[in-house]
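> Here is the input, now give the coordinates:
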Amino acid sequence: MFDITHWPDWLQTLRIFLTFALVIGFGIHAYRAHAREYARATSSRRWIYWLYAMAFLGMGVANFSYLLVYRILRSYSQATLYLGLLSLLLMLSYVVASLSAVNPKK
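Numbers count the residues shown, from 1 in each chain. Prediction:
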């Protein structure tokens, strides 16, 4: 059976760092989208982008903290808290929300 606890240490670190980098990248994109929408004072999208930017910031801090704890303990079974699925769900919901917020070209 596929068991993630038997992966090499460097592969676990790479996987956690990749999740952290993706979360930060999505957070930067959400913040820049908020800045683009800032000119429209009545735009509800700018607040959605701002909320996503803050959610990605919190998730980035949590993923970085997890990466540090994992590197200190050097054991995936001891540092069992993994935020990968929650990060994936946050990224997928952001993609769906940002695609639905795009203005159709006329």
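
> From now on I want contacts and neighbour counts done on CA atoms only, so please keep to that.
OK.

> and residue 6, how many residues sit next to it?
11 (other C-alpha atoms under 10 Å).

> Show the model's pLDDT score for it.
For residue 6, the pLDDT comes out at 72.

> Distance of it relative to residue 75?
10 Å (C-alpha to C-alpha, to the nearest Å).

> Flag every buried residue along the helix or strand hosting residue 90.
Element membership for residue 90 (DSSP states H and E) is helix 84-100. Neighbour counts using 16 or more other C-alpha atoms under 10 Å place 84, 87, 90, 91, 94 of helix 84-100 among the buried residues.

> Tell me the spacing between the most centrally placed residue in the chain and residue 97.
Closest to where the C-alpha atoms of the chain average out (C-alpha atoms, centre = their mean) is residue 23, at 2.6 Å. Here the distance between residue 23 and residue 97 works out to 16 Å (C-alpha to C-alpha).

> got it, and residue 59?
For residue 59, the distance to residue 97 equals 18 Å [C-alpha to C-alpha].

> Next, the contact list for residue 27, please.
Applying C-alpha atoms under 8 Å, 6 or more residues apart in numbering, we find residue 27 in contact with 52, 53, 54, 55, 56, 57.

> change it to 10 Å
Residue 27 makes contact with 21, 33, 49-60, 91, 94, according to C-alpha atoms under 10 Å, 6 or more residues apart in numbering.

> swap in residue 91?
Contacts were defined as C-alpha under 10 Å, 6+ apart; by that measure residue 91 touches 22, 23, 26, 27, 52, 56, 85, 97.

> ok now the helix holding residue 90, how far from the chain's centre?
What separates the centre of helix 84-100 from the centre of its chain is 8 Å, taken as C-alpha atoms, centre = their mean, to the nearest Å.

> quick check: mean pLDDT across that helix?
The average pLDDT within helix 84-100 is 89.

> do the same with stretch 26-44
82.
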